[in-house]
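>>> Have a look at this prediction, sequence included:
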Amino acid sequence: LLSDKYNDFIEANRIEDASERMRTLRKLIRDLPGHYYETLKFLVGHLKTIADHSEKNKV
């Protein structure tokens, strides 16, 4: 279950060293089940599009 991974993501975010934190988060994301990974990829892409147009959409 994804809820089992929640604490892993929280702990990874607490890693002080930025490089190690990113390595750990990338591994956790790679290890997500395919449908969760694809949903996350879509959501992050959508949020990037919103951020890229922040001047226009005032977000």
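Perfect, I can see it now. Quick caveat, the model's predicted, so the values are computed rather than measured.
>>> Alpha carbons of stretch 22-33, in PDB - could you do that?
Extracted C-alpha coordinates of stretch 22-33, given in PDB (Å, rounded to 0.1, in the frame of the first residue of the first chain):
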ATOM      1  CA  MET A  22      17.300  13.900  -4.000                       C
ATOM      2  CA  ARG A  23      18.800  10.500  -4.600                       C
ATOM      3  CA  THR A  24      16.500   9.000  -1.900                       C
ATOM      4  CA  LEU A  25      13.400  10.700  -3.200                       C
ATOM      5  CA  ARG A  26      14.200   9.700  -6.800                       C
ATOM      6  CA  LYS A  27      14.500   6.100  -5.700                       C
ATOM      7  CA  LEU A  28      11.300   6.200  -3.700                       C
ATOM      8  CA  ILE A  29       9.500   7.700  -6.800                       C
ATOM      9  CA  ARG A  30      11.000   5.100  -9.100                       C
ATOM     10  CA  ASP A  31       9.800   2.300  -6.800                       C
ATOM     11  CA  LEU A  32       6.200   3.500  -6.900                       C
ATOM     12  CA  PRO A  33       3.700   1.200  -8.600                       C
END
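>>> Could you pull up the mean pLDDT of stretch 20-38?
Confidence for stretch 20-38, expressed as mean pLDDT, is 96.
>>> Equivalent analysis for stretch 42-52, please.
When pLDDT is averaged along stretch 42-52, the result is 96.
>>> how close does Phe9 sit to Leu2?
According to C-beta to C-beta, to the nearest Å, Phe9 stands 10 Å off from Leu2. Where you see a C-beta, it was placed from the backbone N, CA and C, and this is true even at glycine.
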